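Student: Here is a sequence with its predicted model. Questions after.
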Protein chains: 2
Amino acid sequence: MTAVSPLAPATLPALPVVAGVRLAALNCGIRYKGRPDLMVAELAPGTTVAGVFTRSLTASAPVLWCRKVVAGGRGRVVVCNSGNANAFTGSVGEAAVRRTVDRAATVMGCTPEEVLVASTGTIGQPLPDHKITENLAAAAARLDAGAWADAARAIMTTDTFPKAATRTAVIDGVTVTINGIAKGSGMIAPDMATMLSFVFTDAAIGPRALQALLAKGAETSFNSITVDSDTSTSDSLLLFATGAAGNAPIEDAGDPRLRDFRRKLDTLLLELAHQVVRDGEGASKFVTITVTGAASRRAAKRIGMAIANSPLVKTAIAGEDANWGRIVMAVGKAGERAERDRLGIRIGGVQVAAGGEVVPGYDEAPVTAHMKGQDILVEVDVGVGRGRATVWTCDLTHGYIDINGSYRT
Amino acid sequence: MTAVSPLAPATLPALPVVAGVRLAALNCGIRYKGRPDLMVAELAPGTTVAGVFTRSLTASAPVLWCRKVVAGGRGRVVVCNSGNANAFTGSVGEAAVRRTVDRAATVMGCTPEEVLVASTGTIGQPLPDHKITENLAAAAARLDAGAWADAARAIMTTDTFPKAATRTAVIDGVTVTINGIAKGSGMIAPDMATMLSFVFTDAAIGPRALQALLAKGAETSFNSITVDSDTSTSDSLLLFATGAAGNAPIEDAGDPRLRDFRRKLDTLLLELAHQVVRDGEGASKFVTITVTGAASRRAAKRIGMAIANSPLVKTAIAGEDANWGRIVMAVGKAGERAERDRLGIRIGGVQVAAGGEVVPGYDEAPVTAHMKGQDILVEVDVGVGRGRATVWTCDLTHGYIDINGSYRT
């Protein structure tokens, strides 16, 4: 067991009820003992669903299934286990998904095409799905509208803290609630790099609008974080809208009545994404990288990610070294338009380099003091356009090597 | 000081004379004391030159200069210093290059446009080029056709061993010699990730043919290795052909008389590139990754690099863990065509996974034994085409964090 990440929030927020959502968490014994490892969520009839999934070409069996369900736009049940990812398990893995959704449909009273599944844990081992299916009736019996903290814990692998966030928003005069839980990349046993997040609201929003809201929100939150540049076979972000709050259903993501909801959803997704970074393997610093002046927003993000994924930048931050030469290097390798003689860099708000060279009389002392803190701010101005983006990462420490270099068994 | 890499070759090969090449190495005191840090090479009149440089958009001032010289096809002098990269130094850096090449041209009796420069060391600090220019006359006085080992040492930054290789080849009945030296990524002081390599032959080969040979050879050697996915601002590979061996000059890279030379040049470049990997920061394992069955050669290389650059794969190898699930993950994130159910993986020659799942009755014992060795072999068959490529890397260890997380000063 590792200690809780030094970057963990002080407390787990208390999540209110979301009308139309009930949850259960229990131990089914796939891998973990003495803690829940199975989460079931029941959604009211009529609930719409949206999803954003890993872009991996070796995506897991649950991801392949969920893509189909999300295309249908309706979801009634989520079944999520930790301890085994059911990834790279071939037709055996697909059969396990099929048995799980069939049994869940029977127990919960819906069609299999309304059941979403997620699995996180070891890659390449057959999922003992009977441990799930045998426990679905027990899970159904204990569904509870207040079981958010247990649900957040059940989806953890070796995360060092449970992750949750909540917001309220007003749609057309009606107050709605948004709750989200997530798991990230706090892993001791390797192969457990999956990011999962489930977000629930009682707003009434049609599936196409919901998908558009989620895709846009994911781009500047979960798709703008990186721990180590590796992409899981199982990453899944699901958003459910039960409609129980009673607002008039909204079908268009651009509807002005969604303005407050969109803003609250975006900040909730960002809060969850930041919690994933704060539980990054071995993380000791939370790093914000803002890129401005790039050729486009996409270019700015790519430059930001090149900096955030650079092992040389990440190890320098771990060593509390304001090593801006490595930031120059990362900008240069990003493959986006950049001009050396226009590049500017600020660290901790202090201008370090401008116009392609170190600023005259550069005093490193305040920058070094900033590097000793837990929250590191890097700002890069590329000087060629108006594109901007912010990405978040953590440092690369001995803890990462310890966690990932240890043998699986 | 770190110990010599455990992956270092047993001895530095003795390099013979290359007719038309003389070298000098001395200390000019830019950063290091008690060891040479300035290398000067003199090439006979008529020597042709080819070059392959970093693709970084923040390339150093010496790289920008050398690109122009190589376009001219003729080279008479190389001046290389270690300890300062003269990168991200703006117009000050360009002026330093100009003073260096002007002085070298005067001392050596050629035009500035025939002088190539290379600098390796800290990024972002003005180069004290007077320490170079003041020493060029002394260097010219001690030029020696046998000073290969000293030259290999002078270009080191914190490499743990000097790197050199030699070949002979026959062109049209004439025996020619090829010598190469390189420096790599064995760095304690950060910012010194530059890869430099200088290769010299007495063959008579025209500049266009020489450039084609070098570009092709670099693709499967220096451009097929990675230590940590970061790209230096200063990487430079230069090939000089003095013509002193006396073969009839060859102007076309496809000329059948170059067959033996091409083969020997390719193996020399590969030997030097492997030495760079073997001196990778913190390296304890030398890893060969062969990808077959990809959609194209380019796709195979990209998949191979995704595996080679994955921190999760590299830490697993450091931990002697045959964690093939992470290889699946890396194939999936590479962005090239792959089909989960056709993917096969061999480690140390043992089939681990086939047809998208672990092989029946998989016995991990022989694979684990292989992982305990120093030379690790990973073979991936993507199963969708005929593209193949091999790339080389090292593992990611605590040593890497130690080396790169320590403060620069």
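Tutor: Alright, I've got the coordinates.
Student: now for the helix or strand containing A:G293, which elements pack on it?
Tutor: Here A:G293 sits within strand A:286-294, counting by DSSP states H and E. Other helices and strands packing on strand A:286-294, by 3 or more C-beta pairs under 8 Å, 6 or more residues apart in numbering or on different chains; DSSP states H and E, are helix A:259-278, helix A:297-309, strand A:375-381, strand A:387-394. In short, each C-beta sits where N, CA and C put it, glycine included.
Student: Show me what it pairs with in its sheet, parallel or antiparallel.
Tutor: strand A:375-381 (parallel), strand A:387-394 (antiparallel) (DSSP bridges).
Student: anything in the helix or strand that the longest one is followed by sitting right up against chain B?
Tutor: Same thing as strand A:387-394. Using DSSP H and E, the next helix or strand after strand A:387-394 towards the C-terminus is helix A:398-405. Yes: Helix A:398-405 is in contact with chain B by C-beta under 8 Å from any C-beta of the partner chain, via A:H398, A:Y400, A:I401, A:N404, A:G405.
Student: ok, now stretch A:329-341?
Tutor: Yes: residues of stretch A:329-341 contacting chain B under C-beta under 8 Å from any C-beta: A:329-341.
Student: What of stretch A:145-161?
Tutor: No: figure legend: stretch A:145-161 not in contact with chain B (C-beta under 8 Å from any C-beta); closest approach 13.4 Å.
Student: re the thing from before, tabulate the strands paired with strand A:286-294 (CSV), appending mean neighbour count, mean pLDDT and distance to A:R298.
Tutor: Shown next, in CSV, are these (neighbours: other C-beta atoms under 10 Å in any protein chain shown; pLDDT from 0 to 100; distance: least, C-beta to C-beta, whole Å):
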stretch, mean neighbour count, mean pLDDT, distance to A:R298
strand A:375-381, 20, 97, 15
strand A:387-394, 23, 95, 7
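Student: quick one: average pLDDT of stretch A:15-25?
Tutor: In this model, stretch A:15-25 has a mean pLDDT of 97.
Student: List every C-alpha atom in it, with coordinates, as PDB.
Tutor: Taking C-alpha atoms only, stretch A:15-25 is exported to PDB below (Å, rounded to 0.1, in the frame of the first residue of the first chain):
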ATOM      1  CA  LEU A  15     -22.500  14.400  -3.000                       C
ATOM      2  CA  PRO A  16     -26.300  15.200  -2.800                       C
ATOM      3  CA  VAL A  17     -29.000  12.900  -4.300                       C
ATOM      4  CA  VAL A  18     -29.500  13.100  -8.100                       C
ATOM      5  CA  ALA A  19     -33.200  12.400  -8.800                       C
ATOM      6  CA  GLY A  20     -33.500   9.200 -10.800                       C
ATOM      7  CA  VAL A  21     -30.100   7.700  -9.800                       C
ATOM      8  CA  ARG A  22     -29.500   5.000  -7.300                       C
ATOM      9  CA  LEU A  23     -26.200   3.200  -6.600                       C
ATOM     10  CA  ALA A  24     -24.800   0.100  -4.900                       C
ATOM     11  CA  ALA A  25     -21.300  -0.900  -4.100                       C
END
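Student: List the buried residues of that stretch.
Tutor: Neighbour counts over stretch A:15-25 (16 or more other C-beta atoms under 10 Å in any protein chain shown) mark A:L15, A:V18, A:A19, A:G20, A:V21, A:R22, A:L23, A:A24, A:A25 as buried.
Student: residues in contact with the last one?
Tutor: In this case it means A:A25. Going by C-beta atoms under 8 Å, 6 or more residues apart in numbering or on different chains, A:A25 touches A:P36, A:L38, A:M39, A:V40, A:A147, A:D150, A:A151, A:R153, A:A154.
Student: can you rerun that using 7 Å?
Tutor: A:A25 makes contact with A:P36, A:L38, A:M39, A:A147, A:D150, A:A151, A:R153, A:A154, according to C-beta atoms under 7 Å, 6 or more residues apart in numbering or on different chains.
Student: from these, which two are the most distant?
Tutor: By the measure C-beta to C-beta, A:L38 and A:A147 form the most distant pair in these, at 12.2 Å.
Student: which residue ranges form the strands in the stretch 1-150 of chain A?
Tutor: All strands of the stretch 1-150 of chain A, identified by DSSP state E, counting those that start in this stretch, fall at A:21-26, A:38-43, A:48-53, A:77-84, A:115-122.
Student: What residues does the stretch 1-150 of chain A have near chain B?
Tutor: A:S56, A:L57, A:T58, A:A59, A:F88, A:T89, A:G90, A:V92, A:T122, A:I123, A:G124 (C-beta under 7 Å from any C-beta of the partner chain).
Student: Reformat these as CSV; add neighbour count and pLDDT.
Tutor: Converted to CSV, the residues of the stretch 1-150 of chain A next to chain B look like this (neighbours: other C-beta atoms under 10 Å in any protein chain shown; pLDDT from 0 to 100):
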residue, neighbour count, pLDDT
A:S56, 25, 80
A:L57, 20, 79
A:T58, 26, 80
A:A59, 23, 85
A:F88, 30, 87
A:T89, 25, 87
A:G90, 19, 86
A:V92, 14, 92
A:T122, 22, 82
A:I123, 28, 82
A:G124, 27, 84
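Student: a markdown table please, covering those and showing distance to A:Q211.
Tutor: Output for these, formatted as a markdown table (distance: C-beta to C-beta, whole Å):
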| residue | distance to A:Q211 |
| --- | --- |
| A:S56 | 20 |
| A:L57 | 22 |
| A:T58 | 24 |
| A:A59 | 18 |
| A:F88 | 28 |
| A:T89 | 28 |
| A:G90 | 29 |
| A:V92 | 31 |
| A:T122 | 31 |
| A:I123 | 28 |
| A:G124 | 31 |
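Student: Tell me the one among those nearest to A:K131.
Tutor: Closest approach to A:K131 among the residues of the stretch 1-150 of chain A next to chain B (C-beta to C-beta): A:T122, at 14.2 Å.
Student: Who does the closest one form a beta bridge with?
Tutor: Bridge pairing for A:T122 - DSSP bridges - gives A:N84.
Student: Okay, now the unreliable bits of the stretch 1-150 of chain A?
Tutor: A:1-2 (pLDDT under 70).
Student: Distance from stretch A:302-314 to the middle of the chain?
Tutor: Averaging C-alpha positions (C-alpha atoms, centre = their mean, to the nearest Å) puts stretch A:302-314 19 Å from its chain's average.
Student: Give me the nearest residue to A:D228, chain neighbours excluded.
Tutor: B:P311 (4.5 Å; C-beta to C-beta, 6 or more residues apart in numbering or on different chains).
Student: Surely that neighbour touches A:D230?
Tutor: Yes: using C-beta atoms under 7 Å, B:P311 is in contact with A:D230, at 6.4 Å.
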